[in-house]
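Chemist: A predicted structure for the sequence below; I have some questions about it.
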Amino acid sequence: MKRFTKSSQQSMSMNYYKGVPAKINDKFSSKRVDAAFISSISARKSRHVDLGIIAKKEVQSVLVIPHAKDEKDVESASSNALAKVLNINGKVIIGDKALKHFLSNKEHVDLAKVWSDKYKLPFVFALLCYHKDQKLYSSIQKQFLKQKIKIPQYILKQASLRTGIKQRDILNYLEYISYDLDAKAKLGLKKFYSKI
């Protein structure tokens with residue numbers, strides 16, 4: 001994201017923060033951060049640009065483990081709401097633990113795939129929301145979407161070491177993610193909002 005700012009001052013003012021969706025939502029809503037990718041359920045009344053984290057079909061990292069006791073994932077309100085909308089029971093898991101579960105070929109239901117099969121629409125998990133500086137984030141969105149996204153090797157290596165997931169599996173997973181909140185994704189988001 002820093003590559004798409006217009007000045008070194010803007011780039012220096014951007015800090016990388018990693019956390020589960022619930023924590024990032026909290027930091028954004030309490031205005032401890034100016035802009036963030038926040039979960040779609042929390043982004044409903046926030047200003048955002050047309051940049052998000054979107055699954056066109058399956059996603060591999062938002063799953064329900066069927067035949068397990070019904071349990072929400074405290075890290076993600078959107079995923080819990082999606083399971084409820086789709087009437088899928090079991091244990092909701094997201095992120096690294098879900099991707100590991102998927103890669104181990106254990107029984108699972110991919111919530112984004114069920115959504116896509118049912119509504120023929122992408123599912124929007126998060127949106128880039130901001131409190132101010134619309135011009136800056138609109139500019140970042142335009143530049144970001146023009147480029148092919150490349151993950152620096154050092155970030156890929158760090159992610160692999162941290163999660164225990166092979167680099168090739170991480171790259172393969174990222175193929176399922178889109179960032180363009182296009183017309184079809186907007187329809188998917190509208191459909192989700194109408195169901196919750």
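Modeler: That came in fine, so what should we check first?
Chemist: count the neighbours of residue 119 for me.
Modeler: Neighbour count for residue 119, taken as other CB atoms under 10 Å: 15. Glycine gets a C-beta too; all of them are placed from N, C-alpha and C.
Chemist: which pLDDT value belongs to it?
Modeler: At residue 119, the predicted lDDT confidence score is 97.
Chemist: then the one 4 residues further on?
Modeler: The model reports residue 123 with a pLDDT of 97.
Chemist: run a quick check on it versus residue 114, I expect a contact.
Modeler: No. Between residue 123 and residue 114 there is no contact, the gap being 9.4 Å when judged by CB atoms under 8 Å.
Chemist: between those two, which is the more surrounded one?
Modeler: residue 123 (28 against 19).
Chemist: give the contact list for residue 59.
Modeler: Taking CB atoms under 8 Å, 6 or more residues apart in numbering, we find residue 59 in contact with 110, 111, 112, 113, 123, 125, 176, 177.
Chemist: same thing but at 6 Å, please
Modeler: The contact partners of residue 59, taken as CB atoms under 6 Å, 6 or more residues apart in numbering, are 112, 176.
Chemist: pLDDT weak spots in the chain?
Modeler: Along the chain, segments meeting pLDDT under 70 span 1-20.
Chemist: show me where it has its helices.
Modeler: 8-13, 21-29, 77-85, 95-103, 111-119, 134-146, 153-163, 167-174, 183-195 (DSSP state H).
Chemist: what's the angle from the second one to helix 77-85?
Modeler: Going by axes from the mean of the first three to the mean of the last three CA atoms, to 10 degrees, helix 21-29 is angled at 120 degrees with respect to helix 77-85.
Chemist: could you give the angle of helix 21-29 to helix 95-103?
Modeler: 150 degrees.
Chemist: I'm done for today, thanks for sticking with me.
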